[in-house]
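Asks: okay, predicted coordinates and the sequence, questions at the end:
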Amino acid sequence: MSKMKRWEIDAVGREHLALREVPVPVPSASEVLVKVGAVALNYRDKMVIETGRGLPLRFPFTPGSDLSGEIIALGAGASRFGVGDRVISTATPDWIDGLRPGTARTPAYQTLGGFYPGVLAEYVAMPEAWFVKAPRTLEHWQACTLPVAGLTAWFALVERAGVRAGDTVLIPSTGGVALFGMQIAKASGAELIVCGDPENEDRAKALGADHYIFRHREDWMEEVYRITRDRGVDHVLEVIGGSHLGQSVQLTAVGGHICQIGALNGWDISAPAMPLMLKDVTIHGIGTGSRAALERLVRAIDRTALIPVVDSRYPLSELSAAYEHLDRGPFGKVVIDVEA
């Protein structure tokens, strides 16, 4: 075992993706060597490859942040895990617990497959602190979906908004984070309102949606008011951004919470001030979550038998085809099977 395959780019742009044979890394002090089983793709990974997102990428650069694998060797002093342990990565490895690192002037954005090299490789050697134990109840191709999409939904609804049984949750999408949000909300005993395309209605209801509204209906907001008898919703998983935040503010109940996650409609968000103030609405900015929160999510998954939604799986050699699938808007996660 001296050589392995790893995806790299030498410059920004998907056309620069290349699958190369490189030496298997050797774990340094406090590092572990992980044999990668599977990697889940995120839109963020695609944006890093295509635009660089203004990050200080060091070429050749390996993309990807979400892996599940098995530890096969320990560096000197490594003691968090043992050889043979199944682990998943932490996409924001410097955030262990509590508040996210960073300052008002310079918010922290140091992630795997962004600031740090990524995980689209057969083996990775990284600090042991960058991993947590994988759920016992999931296979690699399922567990790899947790570090970004699963944790983001969990951190938003459970750790920040505090969803409880009997609450009403609005999820205006059927993307990767949204699907985890549906499952987590239902596991918490919440009533669930989902907006999406007609072809996804049956699958969303199978995941627990109590009400499904076609997202292009002109009166979709009136339908939310009707369902809630004008009370509004306790929580919104705002995965769209832009001016859509304003609609979420209008639909939120007095004392409700909005978790601002996505920016599909643009990075500049806007909302009317009057309902925001009069209803005492809390807006949480969500950017994944801490390592401790990921460990709590893993425990919850093992206790509830939650199964992540995976739309499709591709072999390591077909990364380009997998990203093309991601472009088309899958229902669930797109996963790369690294281990044959």
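Replies: Noted; the coordinates are in hand.
Asks: wait, what's in contact with the spatially most central residue of the chain?
Replies: Centroid-nearest residue in the chain: A149, 1.8 Å away (criterion: CA atoms, centre = their mean). Listed by CB atoms under 8 Å, 6 or more residues apart in numbering, the contact partners of A149 are 40, 42, 66, 176-177, 179-180, 308, 333. For glycine as for every other residue, the C-beta is placed from the backbone atoms N, C-alpha and C.
Asks: checking my notes, it in a helix, right?
Replies: Yes - judged by DSSP: H, G, I helix; E, B strand; the rest coil, A149 forms part of a helix.
Asks: so what's the nearest residue to it once chain neighbours are set aside scoring on pLDDT?
Replies: Closest residue in space to A149, ignoring its immediate chain neighbours: G176 at 4.0 Å, by CB to CB, 6 or more residues apart in numbering. The per-residue pLDDT reported for G176 equals 93.
Asks: now A340
Replies: For A340, the pLDDT comes out at 64.
Asks: could you do G246 as well?
Replies: 96.
Asks: and the gap between the residue nearest to the centre of the chain and G84?
Replies: A149 sits 27 Å away from G84, taking CB to CB, to the nearest Å as the criterion.
Asks: swap in D219?
Replies: From D219 to G84 the distance is 56 Å (CB to CB).
Asks: same check, this time on G287
Replies: 33 Å.
Asks: okay, the two: which has more neighbours?
Replies: More crowded of G287 and G84, by other CB atoms under 10 Å: G287, with 18 against 8.
Asks: tell me who's in contact with that one.
Replies: Contacts were defined as CB under 8 Å, 6+ apart; by that measure G287 touches 92, 100, 109, 152.
Asks: my guess is the first one meets T111, correct?
Replies: Yes - between T92 and T111 a contact is recorded at 5.4 Å, counting by CB atoms under 8 Å.
Asks: more neighbours: these two, which one.
Replies: T92 (27 against 24).
Asks: so for F59, what's the nearest residue that isn't a sequence neighbour?
Replies: Nearest in space to F59, with sequence neighbours left out and distances taken as CB to CB, 6+ apart, is D10 at 5.1 Å.
Asks: for Q250, that is, sorry about that
Replies: Distances taken as CB to CB, 6+ apart put P275 closest to Q250, at 5.7 Å, once the chain neighbours are dropped.
Asks: hang on, Y323 in a strand?
Replies: No - Y323: not assigned to a strand; according to three-state DSSP it is helix.
Asks: burial measure for it, as a count.
Replies: Y323, neighbours per other CB under 10 Å, totals 21.
Asks: returning to that earlier point: show the contacting residues for the residue nearest to Q250.
Replies: 249-250, 252, 281 are the contacts of P275 under CB under 8 Å, 6+ apart.
Asks: could those be laid out in a markdown table, adding secondary structure, neighbour count and pLDDT?
Replies: Below are the contacts of P275 laid out as a markdown table (DSSP: H, G, I helix; E, B strand; the rest coil; neighbours: other CB atoms under 10 Å; pLDDT from 0 to 100):
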| residue | secondary structure | neighbour count | pLDDT |
| --- | --- | --- | --- |
| V249 | helix | 24 | 98 |
| Q250 | helix | 18 | 98 |
| T252 | strand | 25 | 98 |
| V281 | coil | 21 | 98 |
